[in-house]
Each structure stands twice: as structure tokens, then as C-alpha cells.
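*Asks:* This is a predicted model, with the sequence first.
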Amino acid sequence: MRFLPALTRAAALGAATILAATALTACGDDSSSDATANPYGLAQAGVLRAGTLTDAPPNVYLKDGKFTGFDNDLLTAVAGKLGLTVEFVGTDFSALLSQVNNRKFDVGSSSITITEARRKTVDFGNGYDFGYFGLDVPAGSPITGFDQLAGKRVVVVQGTVQDDYATGKQLNPVRVPDYNGAINQLKAGTADAWIAPAEIGEKSATDSNGKITVAAKQLSPAPTAYAVAKGNDKLREALNKGLDEVIADGTWSRLQAQYYPGRPIPADFTPGSGTVKAPSASTAPSASATAVPSASASTAPSASATAVPSASASIAS
């Protein structure tokens with residue numbers, strides 16, 4: 001008779017072991033299911049949350065309450081190839097890369113020039129564009145080139161590649177958080193020059209009623225790319241794949257022609273992985289033939305800069 005309690009206890013222990021194993025299996029199934037539903041490790045499955053700017057046309061800006069521009073329209077097309085929609089959120093460039101790395105955003109879209117210093121904070125996809133620096137000065141300034149900035153009060157937007165350039169040239173630049181701050185310094189006469197993304201500098205000069213002129217322009221040293229958090233290889237690789245697809249189907253060429261009409265492409269620049277060839281803009285499909293999913297706009301700073309300039313060069317932030 002003494003064996004019965006022992007057998008009962010053994011049976012109970014066996015049942016508990018089976019339940020525990022079942023629970024562990026269920027947990028494993030949940031993890032596997034999550035990975036399948038959200039293979040790119042996004043904050044929200046199916047939605048690519050993109051940090052961007054509001055005031056940097058023609059690449060990234062707000063128009064009629066909607067984020068648009070070359071970089072953002074291209075990202076929307078790339079995301080469409082992956083079956084994702086895009087949610088754009090406005091931020092300052094100086095904070096963007098850290099926000100991407102801490103996963104406040106899944107991706108950074110702001111014509112971000114690839115640099116070794118930035119690779120310490122984020123990972124980059126393949127390059128999708130090139131850009132130029134512009135040198136804006138107050139009207140009547142004797143400055144005519146980048147080689148005349150020593151000892152001058154030079155303003156840059158903090159964290160941009162123009163900031164890197166000025167620092168590398170030991171110009172001791174004045175740093176401001178956004179493009180409007182740089183423009184205001186020139187207009188107020190508190191800066192001798194502004195090293196800017198070329199087309200933003202051109203638009204600022206045009207809109208200044210003769211107070212600002214563009215003294216010079218030069219090619220940026222590296223391509224621009226989308227930024228993702230360090231170690232998020234699945235998202236980076238997926239964006240690279242989608243980029244190649246929109247290059248091959250003509251979307252990249254169409255957007256280049258739309259936002260940079262007449263801009264020549266440097267002979268040594270190839271977008272994407274380099275394994276696909278971009279058709280010329282004349283043979284690329286029309287906008288109606290390459291429709292992409294709509295992109296939603298989240299809470300963003302003021303959208304005062306909404307006009308689309310006719311630009312001959314892209315941002316190099």
C-alpha cells in the first residue's frame with residue numbers, strides 16, 4: 001500500500017515535467033512567430049518608422065502636411081518592395097543618428113553622407129545619391145571660395161558632413177541646430193559664411209531678396225545612404241535589396257529627373273549595390289506606372305519650409 005503515494009507523487013512530477021516542456025515549447029513558438037511576423041525587427045510589424053527633417057528640400061521636407069522629397073519618396077518605394085508602409089517623423093539632424101541607434105526610429109532618411117565617424121553610431125545601407133557642398137555668404141562679401149575661410153566666422157548645422165568638413169579644416173565653426181538658424185545668422189550679419197547642402201544654399205540665396213549669394217560649390221566626398229541601428233543586418237540587407245529593385249524598375253531614375261532636373265550624375269557614382277543598371281530617365285516608367293504605398297506623417301516640427309525648389313544638386317548632410 002505504501003507504493004501508491006510514491007506512484008502518485010511520481011505521476012505528478014511526470015505531469016509537471018510535461019507541462020513545463022509544453023510551456024517552453026509554446027514560448028519558443030511565440031518567439032518564432034514574432035520573428036516571422038516582424039523579420040526586420042521593426043518597432044511595429046509592417047511599418048517602417050523613419051526619422052527625417054522638415055526643412056531640407058528637395059530631399060526631405062514637408063509639403064501640405066506630408067513628408068516628401070527625393071529621399072523620402074525613394075524610401076517609400078523601397079519599403080513598398082518589402083511590403084512595408086512608412087511612417088515619417090520629423091526631428092533635428094543633430095539627434096537623428098542616436099535616435100536611430102536607440103531604435104526610436106527604424107531608419108534615418110535625411111541624405112546622410114556615409115562617414116567612418118558615423119559608422120560608430122549606426123550602420124548604413126548602400127549609397128543611393130550624391131551631393132554637393134555650397135558656400136553661402138552675405139551679399140558683397142569678398143569670399144569667393146572654400147579656401148578663403150580661415151579666420152572667418154563660419155556657420156554649419158551641427159552633426160552634418162559640413163560640420164565634419166569645417167572641423168577637419170580647423171575652421172572652428174559656429175554650430176546651429178537647423179538650417180533656418182544658419183540662414184538667420186547670415187541675414188543678421190553674425191556669420192561670414194555658411195557651408196551648406198548646395199541646393200538649400202541656392203534656395204536660401206534666391207529667397208533672401210539679394211541679402212545672400214552662393215560663392216562656390218564642390219562635390220561631397222562620399223555617397224548618401226539610409227541609416228539603421230547597429231547590428232540590424234536584416235533590415236539593412238532588405239533595404240539594399242529593395243533599393244536595387246527600384247533602381248532596376250526605373251523609379252530611382254524617375255525621382256532623380258523629378259527632383260533634380262538636368263543634374264548630371266558623376267561618372268564614378270553608381271547607386272545601390274552596383275549589380276543593377278538604372279535606366280535613363282527618358283525610358284523610366286511614369287509616376288502613375290510606379291505608384292508606391294502612401295506614407296503617413298507623424299508629429300513633426302513646424303512645416304514652414306514647404307516650397308519645392310528647382311535644384312541642381314542634392315543635400316549632403
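*Replies:* Looks like it came in fine. Residues are numbered from 1 along each chain as shown.

*Asks:* how about the helices in this protein?
*Replies:* 3-37, 70-81, 93-101, 116-119, 161-168, 179-188, 198-206, 233-248, 251-259 (DSSP state H).

*Asks:* wait, which of those is closest to residue 135?
*Replies:* For the helices of the chain, distance to residue 135 was read as C-beta to C-beta. The smallest value, 7.3 Å, belongs to helix 198-206. Any C-beta I mention is one placed from the backbone N, CA and C, and that applies to glycine too.

*Asks:* Tell me the buried residues in the closest one?
*Replies:* 198-205 (16 or more other C-beta atoms under 10 Å).

*Asks:* Go through these and name the one with the lowest pLDDT.
*Replies:* Among the buried residues of helix 198-206, residue 199 has the lowest pLDDT, at 79.

*Asks:* now it: how far from residue 45?
*Replies:* 36 Å (C-beta to C-beta, to the nearest Å).

*Asks:* What of residue 233?
*Replies:* Counting by C-beta to C-beta - residue 233 and residue 45 are separated by 18 Å.

*Asks:* quick revisit: the helices of the chain: which one's closest to residue 266?
*Replies:* helix 251-259 (12.5 Å).

*Asks:* gap between the two ends of stretch 74-88?
*Replies:* Using C-alpha to C-alpha, to the nearest Å, one end of stretch 74-88 lies 13 Å from the other.

*Asks:* Next, the buried residues of it.
*Replies:* For stretch 74-88, burial by neighbour count (16+ other C-beta under 10 Å) applies to 74-82, 84-88.

*Asks:* okay, the residues you listed in a markdown table with pLDDT and distance to residue 274 next?
*Replies:* Converted to a markdown table, these look like this (pLDDT from 0 to 100; distance: C-beta to C-beta, whole Å):
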| residue | pLDDT | distance to residue 274 |
| --- | --- | --- |
| 74 | 99 | 17 |
| 75 | 99 | 20 |
| 76 | 99 | 23 |
| 77 | 99 | 19 |
| 78 | 99 | 17 |
| 79 | 99 | 22 |
| 80 | 98 | 22 |
| 81 | 98 | 18 |
| 82 | 98 | 20 |
| 84 | 98 | 24 |
| 85 | 98 | 28 |
| 86 | 99 | 25 |
| 87 | 99 | 30 |
| 88 | 99 | 28 |
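
*Asks:* Point out where the stretch 151-300 of the chain drops to low pLDDT.
*Replies:* 281-300 (pLDDT under 70).

*Asks:* what do you get if the cut-off is 50, keeping everything else the same?
*Replies:* Residues of the stretch 151-300 of the chain that meet the criterion pLDDT under 50 lie in 286-294, 299-300.

*Asks:* Next, the contact list for the residue most central in space within the chain, please.
*Replies:* Residue closest to the mean C-alpha point of the chain, counted by C-alpha atoms, centre = their mean, is residue 109 at 1.6 Å. Shown in contact with residue 109 (C-beta atoms under 8 Å, 6 or more residues apart in numbering): 50-52, 60, 71-72, 75, 88, 226.

*Asks:* switch the cut-off to 6 Å
*Replies:* 50, 52, 71-72, 75, 226 (C-beta atoms under 6 Å, 6 or more residues apart in numbering).

*Asks:* From residue 189, how far off is it?
*Replies:* 34 Å.

*Asks:* Domains in this protein, by residue range?
*Replies:* Residue ranges for each domain of the chain read 47-130+222-297, 133-219, as given by automatic domain parsing.

*Asks:* What's the end-to-end length of the last one?
*Replies:* In this case it means domain 133-219. With C-alpha to C-alpha as the measure, what separates the two termini of domain 133-219 is 6 Å.

*Asks:* circling back: looking at the helices of the chain, which is nearest to residue 143?
*Replies:* Using C-beta to C-beta, the nearest of the helices of the chain to residue 143 is helix 179-188, at 11.6 Å.

*Asks:* Buried residues of that closest one, list them for me.
*Replies:* Buried residues in helix 179-188 (16+ other C-beta under 10 Å): 179, 182-183, 185-186.
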